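K.L.:
Structure of the sequence below:
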Amino acid sequence: MTIRAQSGVTLIELLVTLSIAVILMTIAVPGFQDFFRRNRVEAATSDIVAALNYARSEAIRRGVRVSVCGSSNPNAANPTCEDNKWAEGWVVFVDNSHLTGNAAGVFDSGQDEVLRVSGPLPDGGSISGGTNFARAVSYLASGISQGIKAGGTTGLANGSLTVCKDTYGRQIAINNTGRISVSAYTCT
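P.N.:
Here you go, the predicted structure:
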């Protein structure tokens, strides 16, 4: 008769292994959450920067004003440009305000042409347009930017948009010539 050795793990070995796994997961999960939060902010920032660059290039190419505005209904047939609604979506459109006599940065359904639309930010992120870009960023035919302040008044050519999720953020700065730069930002 031969004696066979039993294979398997004991209860103590299993408990030690599970304890180590729980400790490792406790350490790793917050790091992954931070990674995903940063990734969402950077993706939203990239989307806005792409829309702004597209608007600038279309303004130069077409020789007309092109605006990007925050909107709570960007997918509507007649989207509205609203103050500090960037997180709900944005619209890039040919802004024919010089034809209608309306304020720049306001979508006029009979005159303006929608070029691109973006939906809301996922997971409750926020975007702030600051003072100069509360409603919209407008690009003239020369590529120079022009801010549209709250209430629709024309602002300065430079300013920033800030994308935040919890404490992590990115700031999109637009200088007087319409060029864009992105930097890290700590949200409060």
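K.L.:
The residue most central in space within the chain in helix, strand or coil?
P.N.:
Central residue of the chain (C-alpha atoms, centre = their mean): residue 44, 3.3 Å from the mean position. When states are read from DSSP: H, G, I helix; E, B strand; the rest coil, the local structure at residue 44 comes out as helix.
K.L.:
Now do it, the pLDDT please.
P.N.:
If you check residue 44, the pLDDT there is 90.
K.L.:
and residue 67, that's in a strand?
P.N.:
Yes - the secondary structure assignment for residue 67 places it in a strand, going by three-state DSSP.
K.L.:
what about it, how many residues close to it?
P.N.:
Per other C-beta atoms under 10 Å, the neighbour tally for residue 67 reads 27. Where you see a C-beta, it was placed from the backbone N, CA and C, and this is true even at glycine.
K.L.:
now do residue 107
P.N.:
24.
K.L.:
Now do the contacts for it.
P.N.:
69, 71, 78, 79, 80, 81, 91, 93, 95, 114 (C-beta atoms under 8 Å, 6 or more residues apart in numbering).
K.L.:
can you give me the helices for this protein?
P.N.:
Taking DSSP state H as the criterion, the chain contains helices spanning 11-62, 97-100.
K.L.:
and those, which one's lowest on average pLDDT?
P.N.:
Within those, confidence is poorest for helix 97-100, with a mean of 70 (mean pLDDT).
K.L.:
ok, and for that one, which residues are buried?
P.N.:
Of the residues in helix 97-100, residue 97 count as buried by neighbour count, 16 or more other C-beta atoms under 10 Å.
K.L.:
now do stretch 61-81
P.N.:
Under 16+ other C-beta under 10 Å, the buried positions of stretch 61-81 are 64, 65, 66, 67, 68, 69, 70, 71, 74, 79, 80, 81.
K.L.:
Could you list the low-pLDDT ranges of this protein?
P.N.:
Per-residue confidence of the chain (counting by pLDDT under 70) places the weak regions at 1, 100-101.
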